[in-house]
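> Fold the following, please.
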Amino acid sequence: LSHCMRWLGACIRAQEIATVYANRREAFGQKLIDHEGVGFMLAENLIGNLDEDGYLRRDLDQIENDLAFTANVQTDQAELAKVLREVQSLDPAGVGARDLRECLLIQVRNIPHSLEQRIAEAILDKYFEAFGKKHYERIMDRLEIDEEALRGAIELIVRLNPKPGNTSRDTSKPVQEIIP
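Presented below is the predicted three-dimensional model:
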């Protein structure tokens, strides 16, 4: 029975992933409806390469090679990058990013402009490494801001979603197994 329950859990997780993928395809279909068939196919391929957190972990040159060999589609990295920007413009904000920095930048650029938003964007764009190491004094010096302005930007950043593709499931709940 325990084995069956694990199998059932795996099936449910597979269904959740398939549903998320189908919803993303539908969103892309609405957004890219006026694009050429190849552009839509490239977007579909990029969506298919997103991991469960919503990140594109593969390099564009690898995807370009896969498309050439498996689908006989000739494209280049510039065209893939253009389509990737379309993918990144979809909801949830941050999906399609290649790393955490890019994910957070996409999200902060979608927030209405304010002082906190502009400072948060500058921190993520130019001082991401210093931010990760909590070198706040250095950031304040370089951006010529005070502690209050930095605090507002940090509050905005910590509210961003580091895993935008992980919205369909609740990872805080432990998996329960029924044991007879």
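> what's the distance between the residue nearest to residue 127 when sequence neighbours are not counted and residue 50?
In space, and not counting its chain neighbours, residue 127 is closest to residue 139: 5.0 Å by CB to CB, 6 or more residues apart in numbering. Yep, even glycine has a C-beta here, placed from its N, CA and C like the rest. Going from residue 139 to residue 50 by CB to CB, to the nearest Å gives 31 Å.
> Surely residue 165 and residue 97 touch.
No: look at residue 165 against residue 97 with CB atoms under 8 Å: they stay out of range, at 9.6 Å.
> tell me, what's touching the two both at once?
Residues touching both residue 165 and residue 97 (CB atoms under 8 Å, 6 or more residues apart in numbering) are 54-55.
> more crowded one of those two?
residue 97 (25 against 22; other CB atoms under 10 Å).
> Just want the most central residue of the chain.
Here the mean C-alpha position of the chain is nearest to the C-alpha of residue 95 (CA atoms, centre = their mean), at a distance of 2.7 Å.
> Now the nearest residue to that one once chain neighbours are set aside. Its backbone dihedrals?
Distances taken as CB to CB, 6+ apart put residue 54 closest to residue 95, at 4.0 Å, once the chain neighbours are dropped. Dihedral angles of residue 54 (phi, psi; degrees, to the nearest 10) stand at phi 90, psi 10.
> related to what we said a few turns ago, my reading is that the residue nearest to the centre of the chain lies in a helix. Confirm?
No: under the criterion used here (DSSP: H, G, I helix; E, B strand; the rest coil), residue 95 is coil, not part of a helix.
> show me where the protein has helices.
Per DSSP state H, the chain carries helices over the ranges 2-31, 37-48, 60-70, 77-88, 100-109, 115-126, 128-132, 136-143, 147-158.
> same question for the longest one, mean pLDDT?
Rounded to a whole number, the mean pLDDT of helix 2-31 is 56.
> again, but for the fifth one
Helix 100-109 comes out with an average pLDDT of 98.
> what residues does it touch?
Applying CB under 8 Å, 6+ apart, the external contacts of helix 100-109 come out as 54-55, 88, 93-94, 96-97, 117, 120-121, 124-125, 128, 156-157, 160-162, 164.
> who touches residue 150 in this structure?
So residue 150 contacts 119, 136, 139-140, 143 (CB under 8 Å, 6+ apart).
> how close does it get to residue 166?
Relative to residue 166, and taking CB to CB, residue 150 is found at 28 Å.
> Residue 122 versus the residue nearest to residue 95, what's the distance?
24 Å.
> Settle it for me: which of these two has more neighbours?
residue 54 (23 against 16).
> Please list all residues in contact with the more buried one.
Contacts for residue 54 (CB under 8 Å, 6+ apart) come out as 92, 94-97, 103, 163-166.
> now those residues as JSON lines including distance to residue 71?
Below are the contacts of residue 54 laid out as JSON lines (distance: CB to CB, whole Å):
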{"residue": "92", "distance to residue 71": "27"}
{"residue": "94", "distance to residue 71": "27"}
{"residue": "95", "distance to residue 71": "23"}
{"residue": "96", "distance to residue 71": "20"}
{"residue": "97", "distance to residue 71": "24"}
{"residue": "103", "distance to residue 71": "27"}
{"residue": "163", "distance to residue 71": "29"}
{"residue": "164", "distance to residue 71": "27"}
{"residue": "165", "distance to residue 71": "23"}
{"residue": "166", "distance to residue 71": "28"}
